[in-house]
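In: I would like the atomic coordinates for the input below:
(2 chains)
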Amino acid sequence: MITLFVPTIRDTNEHFYRLFRLSAIATSSQDLISFDFSRCKFLMQNGVALLGGLAKFLESEGRPADFQWRTMRQEVAASLGNNGFLRFFGQSARRSKGTAAEFRQDTLLEKEPLVAYLVHDWIGTGRIKLSSALKEAIVSTAWEIYANAFEHSQSPVGVFSCGQHYPSKHLLELTVVDFGCGIPAKVRAFLKRPDMSGAEALQWAFRRGTTTSQIGIARGMGLDLLREFVRVNRGQVSIFSHDAYAIVDSRLPRRKDREVIYGKSGVPFTGTIANIVFRCTPHYYSFASEVSSRPLF
Amino acid sequence: MNLQILALTGPNCITLEDGQMIYERIFPELKAGHSVELDFKGVKLFASPFFNAAIGQLYKDFSSDDLNRLLDMRGLTANGSIVLRKVGENAKVYYSSTRAKDIIESVVNGQEKEDVR
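Out: You can find the predicted model right below:
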């Protein structure tokens, strides 16, 4: 058995790379893995989703992970209690109704349970004051991420997610992660371009109308809709897949050629992880004002 | 034909499967030149997989003018209208390029048969 130290994880690029290093070591080893939390001061929702998913992935490979619960700081334990991570992995812990949306694993794309999670747990009934229009737009945009993950990832253990509301910052964040084949590999195989860089592959995937789905129906809207909503909402989305990333950040200076930044990831991740940041103040939403009076078709 | 979508799909029009179900109901009516009204009253969530299947596919066989004339969409939320429009714009491009590709292939195949003779 080898011991891996879980680092402090926030939602910065550098901290995503910490997660990916941890994942790479765990998945490439043949040994059983034990996670030590003594060096972890905080675990944001991206860390929770990936760590939990990694543990289930290792379990699927016949190497169930060990968590050294006693090495956890109290505040980390409290946070993992609130988002249900402790209970998910067999620890008795009460979940308090705070600002966390539970850590969950979905092996099937089931409409009702997932929508209920997004509406009642992630956004929370009454916890955040959102207009109906904004709530609907946020939930349907989040759904596009899940739909993409289930359709394309071929993940052997399904999709993992965790969310968090940051009230003082008026932000709602959601991380969705899978341990599947990754976007670049799928795009390269579909286009028969093994030489394509990961960043180019992500750029292709983000383009409206492009899809590796071959069922003969016009598709390829999910990432484009996500990009568009994040722009309107002035939020952010970061997607890491294999050796590439795509970041839509409305805080960056707006230029037509830089609405999405594509690049080579500092540390590769075999699957795909998407972290979405939504602003939940009313004035950060103008979708309704974009409704056109032109004919619908 | 009038369809109350809420009764068929529930308040969430977000899956490909639900969209395909709606498409299979309305396509024969539209093909026969009958008007179709889709009432989305009570539907809260809309996502592209649903509209890709329910409406986007119609662009294979119908023009925008046909759809504007025959298909009436009522009760869409603001977000629903936006997703529908984007799906429609994408579908128009997809099916027109698919048609162009089919035409080119039939011309090429026809030419190859001529060459063989």
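In: what's the neighbour count on residue A:226?
Out: 22 (other Cβ atoms under 10 Å in any protein chain shown). Every residue, glycine included, has its C-beta placed from N, CA and C.
In: quick check: residues of chain B near chain A?
Out: B:10, B:12, B:14-16, B:18, B:44-49, B:52-53, B:56-57, B:59, B:64, B:67-68, B:71, B:73, B:77-79, B:81-88, B:90-91, B:93-95 (Cβ under 8 Å from any Cβ of the partner chain).
In: pull out the buried members of these.
Out: B:10, B:12, B:14-16, B:18, B:44-49, B:52-53, B:56-57, B:59, B:67, B:71, B:73, B:77-79, B:81-88, B:90-91, B:94-95 (16 or more other Cβ atoms under 10 Å in any protein chain shown).
In: run through the chain and note the low-pLDDT ranges.
Out: By default, I'm working from chain A. A:97, A:125-127, A:252-258, A:282-292 (pLDDT under 70).
In: my question was about chain B, not that one.
Out: B:111-117.
In: secondary structure element holding residue 18?
Out: Using chain A. Per DSSP states H and E, residue A:18 falls inside helix A:13-28.
In: oops, chain B please
Out: Per DSSP H and E: helix B:16-31 holds residue B:18.
In: buried residues, that helix. List them.
Out: B:16, B:18, B:19, B:20, B:22, B:23, B:26, B:27, B:30.
In: pick out the most distant pair among the residues you listed.
Out: B:16 and B:30 (19.7 Å; Cβ to Cβ).
In: wait, what's in contact with residue A:7?
Out: A:15, A:18, A:22, A:39, A:40 (Cβ atoms under 8 Å, 6 or more residues apart in numbering or on different chains).
In: now with 7 Å, please.
Out: A:18, A:39, A:40 (Cβ atoms under 7 Å, 6 or more residues apart in numbering or on different chains).
In: and the end-to-end length of stretch A:21-41?
Out: 18 Å (Cα to Cα, to the nearest Å).
In: and the contacts of that stretch?
Out: A:1-8, A:50, A:54, A:58, A:63, A:65-68, A:71-73, A:76, A:267, A:269-270.
In: can you check stretch A:211-224 too?
Out: A:144, A:147-148, A:151-152, A:186-187, A:190, A:205-206, A:208-210, B:48, B:52-53, B:56-57, B:86-87, B:90-91, B:94-95.
In: please apply the same query to stretch B:15-30.
Out: By Cβ under 7 Å, 6+ apart, stretch B:15-30 touches A:111, B:1, B:3, B:8-9, B:36, B:49-54, B:57-58, B:62, B:70-71.
In: now these: which count as buried?
Out: Here, 16+ other Cβ under 10 Å leaves A:111, B:3, B:9, B:36, B:49-54, B:57-58, B:62, B:70-71 buried among the contacts of stretch B:15-30.
In: how about the strands of the chain, start to end?
Out: Here I'm looking at chain A. Under the criterion DSSP state E, chain A contains strands at A:2-5, A:33-36, A:66-68, A:100-106, A:159-166, A:171-178, A:236-249, A:260-279.
In: you answered for a different chain; I wanted chain B.
Out: So, for chain B - with DSSP E - the strands run B:2-4, B:12-13, B:36-39, B:45-46, B:71-74.
In: residue A:168 is nearest to which of these?
Out: strand B:45-46 (28.4 Å).
In: can you name the residues in contact with that closest one?
Out: A:115, A:136, A:139, A:140, B:11, B:12, B:13, B:14, B:77, B:79, B:80, B:83.
In: OK, contacts around the closest residue to the first one other than its chain neighbours?
Out: Okay, so that is residue A:115. Distances taken as Cβ to Cβ, 6 or more residues apart in numbering or on different chains place residue B:12 nearest to residue A:115, at 5.3 Å, with adjacent residues excluded. Residue B:12 is in contact with A:111, A:115, B:44, B:45, counting by Cβ under 7 Å, 6+ apart.
In: please identify which pair of those residues lies farthest apart.
Out: A:111 and B:44 (12.3 Å).
In: mind giving me the packing neighbours of the lengthiest helix in chain B?
Out: Scanning chain B for the helix with the most residues, using DSSP state H, yields helix B:78-116. Judged by 3 or more Cβ pairs under 7 Å, 6 or more residues apart in numbering or on different chains; DSSP states H and E, helix B:78-116 is in contact with helix A:132-152, strand B:45-46, helix B:48-54.
In: again, only this time at 10 Å
Out: helix A:132-152, helix A:222-233, strand B:12-13, strand B:45-46, helix B:48-54, helix B:64-70, strand B:71-74 (3 or more Cβ pairs under 10 Å, 6 or more residues apart in numbering or on different chains; DSSP states H and E).
In: chain center to it: distance?
Out: 13 Å (Cα atoms, centre = their mean, to the nearest Å).
In: likewise stretch A:2-13?
Out: 16 Å.
In: could you do stretch B:9-16 as well?
Out: For stretch B:9-16 - counting by Cα atoms, centre = their mean - the centre lies 15 Å from the chain centre.
In: same thing with stretch B:23-41?
Out: On Cα atoms, centre = their mean, the centre of stretch B:23-41 falls 10 Å from that of its chain.
In: got the end-to-end distance for that stretch?
Out: So stretch B:23-41: terminal residues 18 Å apart, Cα to Cα.
In: quick one: neighbours of the residue lying closest to residue B:76 once chain neighbours are set aside, just the number.
Out: Once flanking residues are discounted, residue B:76 sits nearest to residue B:40: 5.1 Å by Cβ to Cβ, 6+ apart. Using other Cβ under 10 Å, residue B:40 is surrounded by 22 other residues.
In: quick check, residue B:40 in contact with residue B:3.
Out: Yes. Between residue B:40 and residue B:3 there is a contact at 9.5 Å, judged by Cβ atoms under 10 Å.
In: so what's in contact with those two at the same time?
Out: residue B:9 (Cβ atoms under 10 Å, 6 or more residues apart in numbering or on different chains).
In: excluding its backbone neighbours, what's nearest residue B:9?
Out: residue B:18 (4.5 Å).
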